[in-house]
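Chemist: Predicted model follows, preceded by the sequence.
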Amino acid sequence: MAPTTSLTLPEMPTVRATAIAPPPGWALLERRLIDLMEKGTETAVRNHSERGGVIMYADDVDDLYERVYNWGLFYSMGANKKVLELALDSWNATTRFFDDSIVSRVHDRFHPQIHKEYYNLANPGDAEWHHKGEGNMAFYDFGVADPTISENVRRARRFASYYIGEDPEAPNWDPEHKMLRSPMQTGIGPWHSATTEQAHSYLLGGRGLDSISWYGVRATLHPIVKDLEADWWKDDKRRAEIVGLFEKIVLNTDSSNNLAATALVTNAYLYTGDEKYKRWVLGYVDAWADRTRRNNGILPDNVGPSGKIGENREGQWWGGLYGWGHYQGFNIMFHGLVTACECALLLTGDYGYLDLLRSQVEMLLDKSITQENGQVTVPLRHGPDGWDNYQPVRILEPAHLYHASLSQDDYELMVRIREGDIERDWNQVIDTAEKNQQINDGHQNMARFNYYDGKNPGWPEQILQSDYNMAIETYDKQRTDDRDVETLLAENAHPDSPVFTKALIQVVLGAPQSVYNGGLLRATVRYFDSDLGRPGLPRNVAALVDELKSDKAGIQLVNLDRTETRRLIVQAGAFGEHQFTEVRYQ
């Protein structure tokens, strides 16, 4: 039967491929990876989810959202529609399951974490943007997969309303000072009141008063309290004093981590085109850019209730929640920074919005130290004794910066970093199963940069093979998993997702992977199946973005089907933010 949803657009240039040749290895591997991961999604759901979609895993709600975080994106690149349906079922079931009007009355094992389909404050650890951002990834990419789902349009509006000051139940936004009133915000407002256990968890790293969390010290009371004693909570007077200081100094501030909220509001703009969302995003980014200028070019990590840097800390610009003083502060802060600059650029086309990100990369490079072996390292932390924790430059930020601008200056910045990098092989594709942290740090972008710089011709197959190895390992583990429901619930081990999209994003879309903790999709190009009227590559078609310049992109398209013609549309940019002005082909 002929498809009834065929897409035809007026005045669209058409290129017809007629040459027949043996397919390149990367094309065969790309389609094999897609086919394998399609099978894996059904196996994963069958083995680890209830019929209604709830995953049999008792953890915080953001972790359950993460199990399907990239399934909608996978569909939008060409996976079958069942993948999207399974992802929607899982997301909706998780949202229903943790609703604060239901869960606390039906299951003692879980606590409510959702209010009006968004995060509440039952577990504050999920309400800051490190966790909330990664939990939001699936929702953002549902719009990429299908922007016509009306309930998701309504959700996008409602979620944004919690941040732009429209919902009186969620007074998160201070319009006068252009700031969010707490490092953690939810659908029921900012987090301003803490228990003793919560304060201890953030100030000394304990999950309980006598235990330690791997997150370590996530905030400090410095300089008001310079050396917090470990047993501060044992004395009633001291306990009340420290909890009060934690609420004032840490919770009653805006944090630069909150820049990741720009993606949530930009998401609403992409659904609706309403200018109020654009104005909010640009106003918030501009406010932080101004704070950075006033702080001698360094992005501060805390702003007090009247908009002053370090207002609750005697003017000290560092020490906020997941800020410069935390061992992962650079990691978490810069996720929000990259996200915000990319959102502002997307909304305006103004490359000046990349200056805030560029300034911080250059600021750290200006403070670099060359080690004895010649390795250039930069500081990732700032504390009472100044800058410390010197490490090789993380590639995630400069890679996103260069892809966004493709400017000669940012190319030279990448080359400068490469030339000072003695310890890492820029042609190496990391084994995702072995070194996932390096993957999250953007290490794969080194080999990608070298490919486009003409120094790593085998990269497309290497990175596709890396993700295929991970996918086959995960699929085989799930295929042979014969545990019953009681055992699954008793062991409570999170199920591995069978979908790996880093290689597909880089090879097929020609872009670095979205910032994992809440970034929107990056893409040089996207594809749409003209015959089926849906996003993604047609069945048996493979794509490779093989050239990237400031004024052009090269694409290889291969139809692996021996008998069927395929028709596809190529779009410039993830959201059509760019334009093709000329088409050339061989």
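Modeler: Structure's in. What do you need?
Chemist: Contacts only, for residue 23.
Modeler: 542, 558, 560 (CB atoms under 8 Å, 6 or more residues apart in numbering). From N, CA and C alone the C-beta is placed, and that goes for glycine too.
Chemist: and if you look at residue 185?
Modeler: Shown in contact with residue 185 (CB under 8 Å, 6+ apart): 127, 162, 163, 170, 172, 191, 258, 261.
Chemist: what are the bridge partners for it, then?
Modeler: On the basis of DSSP bridges, residue 185 is bridged to residue 190.
Chemist: now the contacts of residue 23: which count as buried?
Modeler: Burial by neighbour count, judged by 16 or more other CB atoms under 10 Å, picks out 542, 558 from the contacts of residue 23.
Chemist: Counting only strands, which of the contacts of residue 23 make the cut?
Modeler: Of the contacts of residue 23, the ones assigned to strands by DSSP state E are 542, 558.
Chemist: Just send the contacts of residue 23 back as TSV, with pLDDT too.
Modeler: Below are the contacts of residue 23 laid out as TSV (pLDDT from 0 to 100):
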residue	pLDDT
542	98
558	97
560	96
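Chemist: with the contacts of residue 23 in mind, which one is nearest to residue 187?
Modeler: Using CB to CB, residue 542 comes nearest to residue 187 of the contacts of residue 23, at 42.2 Å.
Chemist: distance of that closest one from residue 304?
Modeler: Relative to residue 304, residue 542 is positioned 53 Å away (CB to CB, to the nearest Å).
Chemist: ditto for residue 334
Modeler: Distance, residue 334 to residue 304, by CB to CB: 22 Å.
Chemist: Counting by contacts, list what the one helix or strand residue 418 maps to packs against.
Modeler: Secondary structure from DSSP states H and E places residue 418 in helix 408-419. In terms of contacts (3 or more CB pairs under 8 Å, 6 or more residues apart in numbering; DSSP states H and E), helix 408-419 is packed against helix 355-366, helix 396-405, helix 444-452.
Chemist: Please work out which residues outside that helix touch it.
Modeler: So helix 408-419 is contacted by 358, 361-362, 365, 376, 393, 395, 398-399, 401-402, 426, 446, 449, 550 (CB under 8 Å, 6+ apart).
Chemist: got it, and stretch 235-254?
Modeler: By CB under 8 Å, 6+ apart, the residues outside stretch 235-254 that reach it are 179-184, 190-196, 199, 202-203, 219, 221, 224-225, 228, 232-233, 302-305, 311-313, 320-321.
Chemist: Using ChimeraX, define a selection of the buried residues within those residues.
Modeler: Only the buried members of these end up in this ChimeraX selection, burial being decided by 16+ other CB under 10 Å:
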select :179,180,181,182,183,184,190,191,194,199,202,203,219,221,225,228,232,233,302,303,304,311,312,313,320,321
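Chemist: out of the contacts of stretch 235-254, which are inside strands?
Modeler: 179, 180, 190.
Chemist: In TSV: those residues, plus pLDDT and distance to residue 83.
Modeler: As requested, these are arranged in TSV below (pLDDT from 0 to 100; distance: CB to CB, whole Å):
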residue	pLDDT	distance to residue 83
179	98	40
180	98	35
190	96	36
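Chemist: Going by distance to residue 111, which of these wins?
Modeler: For these, the nearest to residue 111 is residue 190 (19.8 Å; CB to CB).
Chemist: mind showing which ranges of the stretch 201-350 of the chain have poor pLDDT?
Modeler: Within the stretch 201-350 of the chain, the stretches with pLDDT under 70 are 206-215.
Chemist: re earlier: would you mind putting the helices and strands packed on helix 408-419 into JSON lines with distance to residue 243 alongside?
Modeler: Output for the helices and strands packed on helix 408-419, formatted as JSON lines (distance: least, CB to CB, whole Å):
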{"stretch": "helix 355-366", "distance to residue 243": "33"}
{"stretch": "helix 396-405", "distance to residue 243": "36"}
{"stretch": "helix 444-452", "distance to residue 243": "43"}
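Chemist: before we move on, the earlier item: okay if I get the contacts of residue 23 as JSON lines plus distance to residue 329?
Modeler: Listed next are these as JSON lines, based on distance: CB to CB, whole Å:
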{"residue": "542", "distance to residue 329": "41"}
{"residue": "558", "distance to residue 329": "44"}
{"residue": "560", "distance to residue 329": "47"}
